[in-house]
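Colleague: heads up, no residue letters with this:
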Ligand code: C2E
Ligand code: MG
Ligand code: MG
């Protein structure tokens with residue numbers, strides 16, 4: 001139908017309701033009739049009132065032949081979707097835009113992109129529709145062909161884990177591989193032509209569309225994380241790369257590659273959670289506490305208030321763990337964590353820092369007195385018995401407090417200060433709290449530096465042995481005691497009392513102790529080889545050595561290596577050293593003794609051994625502590641005590657060495673008490689190996 005008479009709308013006019021200008025109308029008609037797209041008007045029964053040339057071409061007839069007929073003679077309606085869209089417009093009175101498949105009665109199927117509008121009468125009743133349909137069959141085919149053309153590409157697309165999809169500039173899917181189809185629970189035909197708005201909630205779809213629009217507007221590609229709501233209603237997180245793509249002869253479209261990272265994100269969240277929480281109590285850990293504290297400090301500083309940081313620690317927790325087992329220890333930690341959460345003092349943030357150490361802030365304490373009062377309240381609440389054993393367990397706690405001052409201190413520093421104060425409370429007898437003071441700070445700094453230097457020194461030859469002679473009653477040299485010295489850089493020679501306890505704490509003493517024994521063996525061999533005779537050397541042991549079952553074999557190996565005669569290597573130990581594991585210590589001592597090592601009890605009288613206990617020890621010497629020697633020449637009671645100890649030792653077949661003999665009077669008194677050997681400044685201070693060699697030569 002190519003003329004107005006043939007095809008012009010006869011019952012309704014989609015344009016102006018008034019009397020149209022005939023010239024204008026003809027122009028408009030010519031335009032519409034010659035459109036590439038199909039233009040048509042239908043009545044309520046679906047009969048064509050108007051059809052342009054393009055529709056005639058599609059239906060394969062003259063447009064006039066279409067008029068007053070519905071689609072049935074031209075279209076296989078069972079295989080086409082036009083009936084449904086027509087119905088929608090006619091029944092709802094709404095406009096529709098859709099891609100439609102039209103299968104003609106000759107068997108040919110074509111795709112149209114259609115827009116259909118309702119037509120109304122004066123009473124606003126729908127009386128028909130007018131539509132414009134663009135044939136997009138070739139365009140679709142080109143995309144389909146492009147995708148189908150490459151089998152290899154298809155196989156890859158179908159099998160990759162990533163979601164791959166192609167969308168046109170309007171966001172309509174042109175292609176999607178398996179993962180996309182699975183996500184939306186659709187087959188390819190069910191997805192193509194749809195936009196994300198039709199597939200997921202509008203909010204999520206809008207975000208995706210905005211991202212797509214940016215890619216289409218810009219150059220290059222970009223990787224971003226986006227969230228898709230799948231057909232299962234769940235949020236799926238993707239890392240997407242989207243690229244603007246222009247297929248030959250086709251409008252611009254977008255290709256996307258998206259990898260699902262939902263699990264990865266979950267894992268990351270869990271890891272982050274684990275990074276900041278303590279798994280035993282569920283409280284924050286040190287990392288989390290420090291960052292929360294950092295924030296609170298800023299707020300406190302802005303508000304011009306002070307913030308109190310408190311660290312609280314069980315007293316004697318090691319004892320609990322060792323005696324009742326770690327399970328009880330863990331249970332206690334959990335209970336303390338709970339009590340801290342329940343107590344009626346408001347805590348700003350609360351964390352378990354490590355082991356048995358908890359930290360919190362006190363945001364509602366303004367004055368130092370209030371802080372002290374709240375800390376005491378908490379300590380008292382924590383000190384109530386714990387029902388973890390048959391007998392309720394009583395615990396005490398030590399606490400350290402530091403106070404912020406403006407923005408001067410960071411979280412780590414305040415925590416360090418509270419920790420120093422807490423240790424000071426422990427050192428002062430436990431079961432109390434302490435505020436940080438600058439003096440404490442310098443002690444802590446000094447300790448940290450000492451620790452650093454000591455760790456660095458071990459294994460570097462920074463240590464030396466000095467030797468102090470033990471004299472017989474006749475003035476002859478009975479042997480030497482080896483006493484360690486540390487040549488600390490920038491400080492000079494450091495006496496053992498200043499670093500041995502720390503080295504023991506740091507676990508360095510086993511290593512250092514072996515070096516001492518080896519050095520002593522070398523010295524014995526050196527004096528023997530220099531013709532100075534068999535000179536015994538005594539080394540001092542440490543607790544860690546006395547709990548190391550490997551010690552005897554190691555010592556015997558060294559003795560063999562250096563040809564040390566039995567009785568020539570001596571070892572000194574204090575009674576307290578044996579306390580941590582007496583049975584093991586006694587077993588080790590028996591083995592040492594039977595292997596030819598002479599043993600001495602050092603600082604005798606300062607420990608708390610009973611005489612019956614002493615009898616079990618395979619000891620050759622008692623070294624009478626300097627505290628008895630000091631006054632023995634002036635205080636008859638001390639002299640009596642010395643005499644008593646000596647008599648007893650001799651009864652037990654032990655010899656006595658008096659330590660710290662400084663004066664002739666002391667020497668004489670002790671000799672009168674039957675003392676066997678003497679050591680002290682009266683004869684010589686501890687001296688270097690060279691000086692000791694000279695001392696030996698002088699005595700020859
Ligand atoms: P100790 O085994 O009781 O050693 C005797 C200490 O008394 C030495 O101190 C010595 O210099 C000092 N002394 C000796 N005669 C006199 C005196 O007449 N008057 C006074 N006032 N003091 C005297 P030093 O060398 O400072 O050693 C202290 C402690 O360090 C030793 O006490 C020992 O327990 C420990 N020690 C020394 N070397 C080692 C070692 O290699 N390993 C271990 N584990 N401990 C060591
Ligand atoms: Mg000693
Ligand atoms: Mg001693």
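Modeller: Perfect, I can see it now. Just so we're clear, the structure is a prediction, and the values are computed from it rather than from any experiment. Ligands and ions are numbered 1, 2, ... in the order given.
Colleague: For residue 226, give me its contacts.
Modeller: Going by Cβ atoms under 8 Å, 6 or more residues apart in numbering, residue 226 touches 207-208, 211, 237-238, 240, 258. Quick note: C-beta positions are derived from backbone N, CA and C, even for glycine.
Colleague: mind checking which helix or strand the closest residue in space to residue 312 that isn't next to it in sequence is in?
Modeller: Nearest residue to residue 312, sequence neighbours excluded (Cβ to Cβ, 6 or more residues apart in numbering): residue 399, at 4.5 Å. Here residue 399 sits within strand 397-403, counting by DSSP states H and E.
Colleague: what residues does that strand touch?
Modeller: Here strand 397-403 has contacts from 306-315, 368, 371-372, 375, 378-379, 382-383, 409, 414-415, 417-426, 430-436, using Cβ under 8 Å, 6+ apart.
Colleague: what's the burial count for residue 697?
Modeller: 12 (other Cβ atoms under 10 Å).
Colleague: That one: helix or strand, and which one exactly?
Modeller: Here residue 697 is assigned to helix 689-699, by DSSP H and E.
Colleague: now residue 97
Modeller: strand 96-103.
Colleague: Which other helices and strands does that strand contact?
Modeller: Using 3 or more Cβ pairs under 8 Å, 6 or more residues apart in numbering; DSSP states H and E, the elements in contact with strand 96-103 are helix 82-92, strand 109-120.
Colleague: Now the shortest one: buried residues?
Modeller: Buried residues in helix 82-92, counting neighbours by 16 or more other Cβ atoms under 10 Å, are found at 82-83, 85-86, 88-90.
Colleague: Over to the longest one?
Modeller: Neighbour counts using 16+ other Cβ under 10 Å place 110-119 of strand 109-120 among the buried residues.
Colleague: mind checking the backbone torsions on the closest residue to residue 170 other than its chain neighbours?
Modeller: With Cβ to Cβ, 6+ apart as the criterion, residue 170 has its nearest non-adjacent residue at 7.0 Å, and that residue is residue 195. When read as degrees, to the nearest 10, the backbone of residue 195 gives phi -110, psi 170.
Colleague: Now for residue 195: which residues touch it?
Modeller: 167, 170-173, 205, 209.
Colleague: try it again with 10 Å
Modeller: By Cβ atoms under 10 Å, 6 or more residues apart in numbering, residue 195 lies in contact with 167-168, 170-173, 205, 208-209, 212.
Colleague: go on, residue 77?
Modeller: Residue 77 neighbours (Cβ under 10 Å, 6+ apart): 46, 70-71, 83-84, 102-103, 105.
Colleague: pLDDT at it, what is it?
Modeller: Looking at residue 77, its pLDDT is 86.
Colleague: Where do the strands of the stretch 201-350 of the chain begin and end?
Modeller: Using DSSP state E, counting those that start in this stretch, the strands of the stretch 201-350 of the chain run over residues 222-229, 235-246, 252-260, 308-314, 350-354.
Colleague: and the longest one, which residues are buried?
Modeller: Spelled out, that is strand 235-246. For strand 235-246, by 16+ other Cβ under 10 Å, it's 236-240, 242, 244.
Colleague: Kindly report the same for the shortest one.
Modeller: If you call a residue buried by 16+ other Cβ under 10 Å, then strand 350-354 has these buried ones: 350-353.
Colleague: which of the residues you listed lies closest to residue 640?
Modeller: For those, the residue nearest residue 640 by Cβ to Cβ is residue 353; the value is 53.6 Å.
Colleague: what pLDDT does that closest one get?
Modeller: 93.
Colleague: Tell me what the residue nearest to residue 312 is bridged to.
Modeller: residue 312, residue 433 (DSSP bridges).
Colleague: okay, now the domains of the chain?
Modeller: Recorded structural domains for the chain (assignment: automatic domain parsing) are 22-139, 160-265, 277-436, 459-699.
Colleague: thought residue 682 was touching residue 659?
Modeller: No. Contact criterion Cβ atoms under 10 Å: residue 682 and residue 659 do not qualify, at 11.5 Å.
Colleague: Same drill for those two, tell me which one is more crowded.
Modeller: The neighbour count for residue 682 versus residue 659, taken as other Cβ under 10 Å, is higher for residue 659 (23 against 15).
Colleague: And for the more buried one, nearest residue in space, chain neighbours not counted?
Modeller: Per Cβ to Cβ, 6+ apart, closest to residue 659 is residue 626, 4.8 Å.
Colleague: any idea how far the one you found lies from ligand 2?
Modeller: 11 Å (Cβ to the ion, to the nearest Å).
Colleague: What ranges in the protein fall below the confidence cut-off?
Modeller: Along the chain, the parts satisfying pLDDT under 70 run over 1-20, 146-152, 219-222, 247-249, 407-408, 441, 444, 580, 607-612.
Colleague: Up against ligand 2, what does it have?
Modeller: 540, 572, 602 (Cβ under 5 Å from the ion).
Colleague: Show me the subset of the residues you listed that also lies near ligand 3.
Modeller: Okay, of the residues of the chain next to ligand 2 touching ligand 3 (Cβ under 5 Å from the ion), that's residue 602.
Colleague: quick one: which of the residues of the chain next to ligand 2 is nearest ligand 3?
Modeller: residue 602 (4.4 Å; Cβ to the ion).
Colleague: I figured residue 438 hits residue 417, correct?
Modeller: Yes. Shown here, residue 438 and residue 417 form a contact pair, counting by Cβ under 10 Å, at 9.5 Å.
Colleague: The two: which has the busier surroundings?
Modeller: Higher neighbour count among residue 438 and residue 417: residue 417, with 25 against 8, using other Cβ under 10 Å.
Colleague: Is the more buried one within a helix or a strand, and which one?
Modeller: Counting by DSSP H and E, residue 417 is part of helix 411-427.
Colleague: name the helices or strands packed onto that helix?
Modeller: Secondary-structure packing of helix 411-427 (3 or more Cβ pairs under 10 Å, 6 or more residues apart in numbering; DSSP states H and E): helix 286-302, strand 308-314, strand 350-354, strand 357-362, strand 397-403, strand 433-435, helix 438-457.
Colleague: does residue 549 count as helix, strand or coil?
Modeller: coil (DSSP: H, G, I helix; E, B strand; the rest coil).
Colleague: ok, it touching residue 591?
Modeller: Yes. Contact criterion Cβ under 10 Å: residue 549 and residue 591 qualify, at 8.8 Å.
Colleague: Mind checking which of those two has more residues around it?
Modeller: residue 591 (17 against 10).
Colleague: The spatially closest residue to that one that is not a sequence neighbour: how many residues sit nearby?
Modeller: Spatial nearest neighbour of residue 591, excluding adjacent residues (Cβ to Cβ, 6+ apart): residue 552 at 4.1 Å. Applying other Cβ under 10 Å, we find 19 residues neighbouring residue 552.
Colleague: what's the answer for residue 340, then?
Modeller: 22.
Colleague: how much space between it and ligand 1?
Modeller: 40 Å (Cβ to the nearest ligand atom, to the nearest Å).
Colleague: got it, and residue 55?
Modeller: 107 Å.
Colleague: coming back round to it: of all the helices and strands packed on helix 411-427, which one is nearest ligand 3?
Modeller: Here helix 438-457 is closest among the helices and strands packed on helix 411-427 (Cβ to the ion), at 22.1 Å.
Colleague: so what secondary structure elements neighbour that closest one?
Modeller: Helix 438-457 packs on strand 397-403, helix 411-427, strand 477-488, strand 492-494, helix 500-505, going by 3+ Cβ pairs under 10 Å, 6+ apart.
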